[in-house]
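K.L.:
Sequence and predicted model, in that order:
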Amino acid sequence: MGFPLNESALRRCQPLLANPALFHAHTQRQEGGAQLIDCGVFAAGGVEAGLAMAEVCLAGLGSVSLVPGRPDVWPGPAVCVRTDHPVAACMASQYAGWQVAGGKYFAMGSGPMRAARGREPLFDEIGHREQPTQVVGVLESGKLPPVEICELLASECGVDEEQVTLLVAPTRSIAGTIQVVARSLETALHKLHTLKFDLSRVVAGYGHAPLPPSAADDLEAIGRTNDAVLYGGEATIWVRGDDASLEHLGPQIPSSASRDYGRPFSEIFARYDRDFYKIDPLMFSPAAVTLMNLDTGRCLRFGEPNPQVLASSFLGGSGRKS
């Protein structure tokens, strides 16, 4: 069954558009007509803006909330995500598979506008391409997109520019941090896809990861948000089929399977000249993954959180408060 991803996401945007002040957000129409929702660039943004952004990223097919975290991992709240449509919500929408670039502007693009563009080979495998009349996207950036970027997005999605809605926040903002940390389940699914697991076997998913302290700049925020998932994130995925394939792939799913595992992401990022694509792709997954086989009743858990690395990342080099 297919879902109108952009239509569903646009419905989730309505509270933000109707009362942006409630979310500490700003809305504006670009010169070409695109609707921008500023959740942390010039606007203050906030927790509710971050939760809304994360649910828009999921195309309105999942729920995101703040919950008490595991005190033995990080003594603070965690960002929790759940969905009964994980492939559509996470892979066809939430995954940041679009590097939006033009002139001096760059942003990581996610949300259901990716399904309208449909150029990623991923869609050949999972389906969910669509031809909507309106598109919705989320941009992880410290700048609002200029007119030419909005024109580019509209053109690549096959819609008029005034039919484009974009939510924007930098990683360091409250909203930006929340929407990135809400990707614990998405990273687990992406790892399964990387390992050639048949995603049609996936039925439902849940994930959570600790919400890190606010960072002073985007570079530090990128490090902390990645560490939240890599060293503190956990995902539970309900699947069907045989157990043997789960037992075989399981040890490769957590981030600990990577040769780069064990140091804060900021150090790893610097070692590879701040180029994500030089980092071992097996690194990008939660610290722990539980696979629940609905056909056999088996529960298989792989990996564990690493509170020591989290403390080093979130509190500084020593992992202790000064």
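P.N.:
In hand now; what should we look at?

K.L.:
Who are the contact partners of the nearest residue to residue 222 once chain neighbours are set aside?
P.N.:
By the measure of C-beta to C-beta, 6 or more residues apart in numbering, the closest residue to residue 222 outside its immediate chain neighbours is residue 171, 5.4 Å from it. No exception for glycine: its C-beta is placed from N, CA and C like everyone else's. If you count contacts by C-beta atoms under 8 Å, 6 or more residues apart in numbering, residue 171 has them with 140, 177, 180, 215, 218, 221-222, 225.

K.L.:
Ok, residue 309 next?
P.N.:
By C-beta under 8 Å, 6+ apart, the contact set of residue 309 is 227, 231, 262-264.

K.L.:
Closest to residue 294 out of these?
P.N.:
Nearest to residue 294 among the contacts of residue 309: residue 231, at 29.1 Å, using C-beta to C-beta.

K.L.:
Strands of the stretch 101-250 of the chain, start to end?
P.N.:
105-110, 135-140, 164-169, 202-210, 234-239 (DSSP state E, counting those that start in this stretch).

K.L.:
which of the contacts of residue 309 sit farthest apart?
P.N.:
Greatest spatial distance in the contacts of residue 309: 227 and 262, 11.5 Å, computed using C-beta to C-beta.

K.L.:
Tell me where the model's unsure across this protein.
P.N.:
Counting by pLDDT under 70, the chain shows low-confidence ranges at 1-2, 317-322.

K.L.:
Quick check, central residue of it?
P.N.:
Centroid-nearest residue in the chain, with C-alpha atoms, centre = their mean: residue 183, separated by 3.6 Å.

K.L.:
Touching, that residue and residue 230? I think so.
P.N.:
No - the criterion here is C-beta atoms under 8 Å, and residue 183 misses it with residue 230 at 11.0 Å.

K.L.:
Got the phi and psi for the closest residue to residue 226 other than its chain neighbours?
P.N.:
Using C-beta to C-beta, 6+ apart and skipping the chain neighbours, the partner closest in space to residue 226 is residue 265 (4.0 Å). Per-residue torsions, residue 265: phi -60, psi -30 (degrees, to the nearest 10).

K.L.:
ok, residue 88 touching residue 62?
P.N.:
No - contact between residue 88 and residue 62 fails when scored by C-beta under 8 Å: they sit 9.4 Å apart.

K.L.:
which non-adjacent residue is nearest residue 90?
P.N.:
Nearest to residue 90 is residue 186, by C-beta to C-beta, 6+ apart, at 4.0 Å.

K.L.:
Counting neighbours, what do you get for that neighbour?
P.N.:
Residue 186: 30 surrounding residues under other C-beta atoms under 10 Å.

K.L.:
now do residue 273
P.N.:
Close neighbours of residue 273, defined as other C-beta under 10 Å, add up to 7.

K.L.:
element containing it, please.
P.N.:
Using DSSP states H and E, residue 273 falls within no helix or strand.

K.L.:
From residue 269, how far off is residue 277?
P.N.:
Per C-beta to C-beta, to the nearest Å, residue 277 is found 12 Å from residue 269.

K.L.:
before we move on, what about residue 244?
P.N.:
36 Å.

K.L.:
re earlier: adding neighbour count and distance to residue 111, write the contacts of residue 309 out as JSON lines.
P.N.:
Listed next are the contacts of residue 309 as JSON lines, based on neighbours: other C-beta atoms under 10 Å; distance: C-beta to C-beta, whole Å:
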{"residue": "227", "neighbour count": "29", "distance to residue 111": "24"}
{"residue": "231", "neighbour count": "32", "distance to residue 111": "26"}
{"residue": "262", "neighbour count": "14", "distance to residue 111": "32"}
{"residue": "263", "neighbour count": "14", "distance to residue 111": "31"}
{"residue": "264", "neighbour count": "22", "distance to residue 111": "28"}
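
K.L.:
Just the closest of the residues you listed to residue 207, please.
P.N.:
residue 231 (14.2 Å).

K.L.:
Now do the contacts for residue 114.
P.N.:
Applying C-beta under 8 Å, 6+ apart, we find residue 114 in contact with 92-93, 95, 97-98, 120, 137.

K.L.:
Most neighbours among those, which one is it?
P.N.:
Compared across the contacts of residue 114, residue 93 has the highest neighbour count, 33 neighbours, by other C-beta under 10 Å.

K.L.:
hang on, isn't it packed against residue 4?
P.N.:
No - with contact defined as C-beta under 8 Å, residue 93 does not count as touching residue 4 (11.5 Å).

K.L.:
hang on, residue 240 packs against residue 296?
P.N.:
No - between residue 240 and residue 296 there is no contact under C-beta under 8 Å: 9.1 Å.
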